[in-house]
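# no sequence on hand, only this structure:
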């Protein structure tokens, strides 16, 4: 029953019936408080409804437990880090992204969201540098890879 209910709630969220999904997931999370997958999906639906503060304890529960596959763990880390940043908890967000990147080195999504935390922390240069590196790695600089890669680490260099 747990699997069917969880699948139904996720389907509802994906269909845009987020409030209905939220009700189901909150009830499931109450019945299965140690279930990391349910906690992750419950956090996700709260985030998708703009209820970031309510999402945090579910993300934390999901990450504290076992049971998330690598992709869902990465998603939960990204979601929690982003949510903390949106809530103004920038230092916590940065610290979480740094730890997450130790677990998932080079993960582009983590790196992108970390740049937003850097920006919010007043480190615009570090944020731009990281974004430039991501653009080079993705091949989105129109043949200027060497120059952009150089300037990513030397943004303040002028003649």
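Received, thanks. Computed from a predicted structure; not experimentally measured.
# next secondary structure element downstream of the helix or strand encompassing residue 83?
Assigned by DSSP states H and E, residue 83 belongs to helix 70-86. Using DSSP H and E, the helix or strand that follows helix 70-86 towards the C-terminus is helix 90-103.
# mind listing what's buried along stretch 71-89?
72-86, 89 (16 or more other CB atoms under 10 Å). Quick note: C-beta positions are derived from backbone N, CA and C, even for glycine.
# likewise for stretch 116-127?
116-120, 123, 126-127.
# all the helices of this structure, residue numbers only.
Along the chain, the stretches classed as helices by DSSP state H are 2-14, 18-31, 36-48, 52-64, 70-86, 90-103, 108-120, 124-138, 145-152.
# which of the ones you listed sits most buried?
helix 36-48 (a mean of 24; mean count of other CB atoms under 10 Å).
# lowest average confidence, helix or strand, in this structure?
helix 2-14 (a mean of 94; mean pLDDT, DSSP states H and E).
# what sits up against that helix?
18, 20-21, 24-25, 28, 32, 35, 37-38, 41, 44-45, 48 (CB atoms under 8 Å, 6 or more residues apart in numbering).
# angle of that helix against helix 36-48?
20 degrees (axes from the mean of the first three to the mean of the last three CA atoms, to 10 degrees).
# from residue 57, how far off is the closest residue in space to residue 28 that isn't next to it in sequence?
The spatially closest residue to residue 28, leaving aside those adjacent along the chain, is residue 38, at 4.9 Å (CB to CB, 6 or more residues apart in numbering). Separation of residue 38 from residue 57 (CB to CB, to the nearest Å): 13 Å.
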